[in-house]
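Participant: I need the structure of the sequence given here:
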Amino acid sequence: MAMYESEHTKFMREMMAKHPEWAEDQLVGRALLWDRKVDLAEQNTLRDSREDNRSYPYDVNFDQP
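Facilitator: Numbering: from 1, shown residues only. Sure, this is the predicted structure:
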């Protein structure tokens, strides 16, 4: 039994066959946004420096810290 393949998948396979140079462009775009080194020390510093949310900031009688 043949597996279902959507119209979009067929279109993308066809376009990638016509334009094989797009594969490299995809990797460049992915590296730009997703493939990054994570600095755990910086993440911990940012997490520790956040202030807690106020319980109800729209209250007229709310005391500012």
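
Participant: what about residue 51, how many residues nearby?
Facilitator: Look at residue 51: counted by other CB atoms under 10 Å, it has 6 neighbours. Any C-beta I mention is one placed from the backbone N, CA and C, and that applies to glycine too.

Participant: so it, which state does it fall into?
Facilitator: coil (DSSP: H, G, I helix; E, B strand; the rest coil).

Participant: quick check on it: phi, psi?
Facilitator: phi -90, psi 150 (degrees, to the nearest 10).

Participant: show me the shaky parts of this structure.
Facilitator: Along the chain, the parts satisfying pLDDT under 70 run over 1, 54, 57, 59-60, 62-65.

Participant: if you set the cut-off to 90 instead, what comes out?
Facilitator: Residues of the chain that meet the criterion pLDDT under 90 lie in 1-3, 29-38, 50-65.

Participant: work out which residue lies at the spatial centre of it.
Facilitator: Taking CA atoms, centre = their mean, the centroid of the chain lies closest to residue 34, which sits 6.8 Å from it.

Participant: ramachandran angles for that residue?
Facilitator: Torsion angles, degrees, to the nearest 10, at residue 34: phi -110, psi -40.

Participant: contacting residues for it?
Facilitator: Going by CB atoms under 8 Å, 6 or more residues apart in numbering, residue 34 touches no other residue.

Participant: and it, how far is that from residue 40?
Facilitator: 18 Å (CB to CB, to the nearest Å).

Participant: burial count for the closest residue to residue 23 other than its chain neighbours?
Facilitator: Residue nearest to residue 23 in three dimensions, not counting chain neighbours: residue 16, with 6.9 Å by CB to CB, 6 or more residues apart in numbering. Residue 16 is flanked by 13 other residues according to other CB under 10 Å.
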